[in-house]
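Colleague: heads up, no residue letters with this:
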């Protein structure tokens, strides 16, 4: 390797299971590969699929931490395969699909279904009052600092890591997760969205929303985009308490 | 509910810090602990000690504990599936704050019983608090095992809880939340260790006094400034 260390033999241990194959049972399957310089898990998985076993299912699109498709449990923690260097892990690496989301097969899960359900439930889009919609009107200018603030939260790629890492989401199916709370924080900032805190309180002012969060902060710690989830959830909690108590 | 849970937790956490300082005055002297006891019984205000004042405070604390426990229960695993999901998740993740919550849950559950027993005793026998009264209860009354377990449960639960309150509501976040969180966690552990050491020393002191006083159970401490030291009378 470039840093002078000897190349390692890696054991990639993958939780295999395809619920669509009758009789298939969950099992751990080991694959031995040789580590390469700068190898990511994405490269390792492709190496396995190309040379050792073409039947392994896993997702990827961008290979650059932008699409969020390759999120999986890496040694028990959620992360993006394309952003995880094997040199930072042990010689035996265990990979499993993200929990919470519907399993497609092996390491592939359908995060889209969950995310769509959450987005529809939280109405995660800019709300404009009927009658005020004027497609010919030029959009108001936005303060660059505010635009930057909104963009910061809009960097979420909906990879599902925050949900998979959340102890509350693991216990309670209806919890909206940090991704959902981050969306509310994002639309709350947006001056084009005419909703008030009263409207947002209706969406997340309960134990399935911001008051269900137990502040374990794993979402913040595992977010591959380093979104300020700790700060945003605390801020949203304060605002929702104010709305809930003072109106 | 989240606000009430946090507020009751904050009040109880701060109360426990104060409580520990008050009971640990036994490390200074029996007279100091006696003075603290009598202060809370209103002796220095009314000229007479009213242990009922302590009972009233205990009743208030008991209500706070009940409210806090009732509100916190909604965060507990509600069935075996949830229990398995969380324990498996905690073990696999190896994430410190997730593990700390699990300890907070376990110690909180233990305190349902430990605190209830202790508070009932204090509610019904407030006059038994004192250098000898407390020491006799600890040693001759065989309360020290429950106090020992309760000390660890309270300090872990309270320390983790107060840290979580800070990150939950964004207190002391400053401009660098990551650095603040690290500092908060360091402070949390430092305070937990401090109160554990103080608590162990205090419990040890009561056990020692109780052991030495085992043949005179029921006798109450009289401050040294009230009764002249018999040695001084000796020729």
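Modeller: The structure has been received and is ready for your questions. Remember, predicted model here, so these are calculated numbers, not experimental data.
Colleague: What mean pLDDT does stretch B:193-201 get?
Modeller: Stretch B:193-201 carries an average pLDDT of 96.
Colleague: List the contacts of it.
Modeller: Residues from elsewhere that reach stretch B:193-201 (C-beta atoms under 8 Å, 6 or more residues apart in numbering or on different chains): B:17, B:20, B:24, B:27, B:151-152, B:155, B:159. Where C-beta positions appear, they are placed from N, C-alpha and C, glycine not excepted.
Colleague: any idea how far chain A is from residue B:104?
Modeller: 9 Å (C-beta to the nearest C-beta, to the nearest Å).
Colleague: in what helix or strand does that residue lie?
Modeller: helix B:96-124 (DSSP states H and E).
Colleague: Could you do residue B:204 as well?
Modeller: Short version: residue B:204 belongs to helix B:177-212, going by DSSP H and E.
Colleague: and that helix with helix B:96-124, angle?
Modeller: Angle, helix B:177-212 to helix B:96-124, by axes from the mean of the first three to the mean of the last three C-alpha atoms, to 10 degrees: 40 degrees.
Colleague: so which helix or strand takes in the residue nearest to residue B:124 when sequence neighbours are not counted?
Modeller: The shortest distance from residue B:124 to any non-neighbouring residue, by C-beta to C-beta, 6 or more residues apart in numbering or on different chains, is to residue B:55 (7.8 Å). Per DSSP H and E, residue B:55 falls inside helix B:51-72.
Colleague: And that helix, what's buried?
Modeller: B:51, B:53-55, B:58, B:61-62, B:64-65, B:67-69, B:71-72 (16 or more other C-beta atoms under 10 Å in any protein chain shown).
Colleague: re the thing from before, list the buried ones in the helix holding residue B:204?
Modeller: Buried residues in helix B:177-212 (16+ other C-beta under 10 Å): B:177, B:180-181, B:184-185, B:188, B:191-192, B:195-196, B:198-199, B:202-203, B:205-207, B:209-210.
Colleague: Likewise for stretch B:103-116?
Modeller: B:104-105, B:107-111, B:114-115.
Colleague: tell me the angle of the helix holding residue B:55 relative to helix B:96-124?
Modeller: Using the same axes, to 10 degrees: helix B:51-72 against helix B:96-124 is 150 degrees.
Colleague: hmm, who's touching helix B:51-72?
Modeller: Against helix B:51-72 from outside (C-beta under 8 Å, 6+ apart): B:1, B:4-5, B:8-9, B:11-12, B:15, B:40-42, B:108, B:111-112, B:115-116, B:119, B:122-124, B:126-127, B:129.
Colleague: same question, stretch A:213-223
Modeller: A:77-79, A:161-168, A:175, A:177-178, A:181, A:227-230, A:233, A:237, B:75, B:93, B:95, B:97-98, B:101, B:164, B:167-168, B:181.
Colleague: And the strands in chain A?
Modeller: Remark: strands assigned in chain A by DSSP state E are A:9-16, A:27-34, A:71-74, A:77-80, A:92-96, A:102-105, A:108-110.
Colleague: of all the ones you listed, which lies closest to chain B?
Modeller: When the strands of chain A are compared by C-beta to the nearest C-beta, strand A:77-80 sits nearest chain B, at 5.8 Å.
Colleague: Can you confirm whether the closest one lies near chain B?
Modeller: Yes. Judged by C-beta under 8 Å from any C-beta of the partner chain, strand A:77-80 comes into contact with chain B at residue A:77.
Colleague: Run a quick neighbour tally on the nearest residue to residue B:216 once chain neighbours are set aside.
Modeller: Nearest residue to residue B:216 in three dimensions, chain neighbours excluded: residue B:132, at 7.6 Å (C-beta to C-beta, 6+ apart). Residues lying near residue B:132 (other C-beta atoms under 10 Å in any protein chain shown) number 23.
Colleague: Contacts for stretch B:102-112, please.
Modeller: Contacts of stretch B:102-112 (C-beta under 8 Å, 6+ apart): B:65, B:69, B:72, B:75-76, B:86-87, B:90, B:149-150, B:152-154, B:156-157, B:160-161, B:164.
Colleague: quick revisit: nearest to residue A:11 among the buried residues of helix B:51-72?
Modeller: Looking at these and their distance to residue A:11, the nearest is residue B:72, at 42.5 Å (C-beta to C-beta).
Colleague: Around chain A, which positions in chain B sit nearby?
Modeller: Near chain A, when you scan chain B using C-beta under 8 Å from any C-beta, you find B:1-3, B:74-75, B:77-78, B:82, B:85-86, B:89-95, B:97-98, B:101, B:164, B:167-170, B:173, B:177, B:181.
Colleague: okay, now the nearest residue to residue A:12 once chain neighbours are set aside: neighbour count?
Modeller: In this structure, residue A:12 finds its nearest non-sequential neighbour in residue A:31, 4.7 Å apart by C-beta to C-beta, 6+ apart. Residue A:31 sits with 20 neighbouring residues when counted by other C-beta under 10 Å.
Colleague: Now do the contacts for the most centrally placed residue in chain A.
Modeller: What sits nearest the mean C-alpha location of chain A, by C-alpha atoms, centre = their mean, is residue A:160, with 2.5 Å. Residues in contact with residue A:160 (C-beta under 8 Å, 6+ apart) are A:68, A:71, A:78, A:98, A:100-101, A:109, A:111, A:114-115, A:179.
Colleague: try 6 Å
Modeller: Going by C-beta atoms under 6 Å, 6 or more residues apart in numbering or on different chains, residue A:160 touches A:71, A:98, A:101, A:111.
Colleague: try residue A:30
Modeller: With C-beta under 6 Å, 6+ apart, residue A:30 has these contacts: A:11, A:13.
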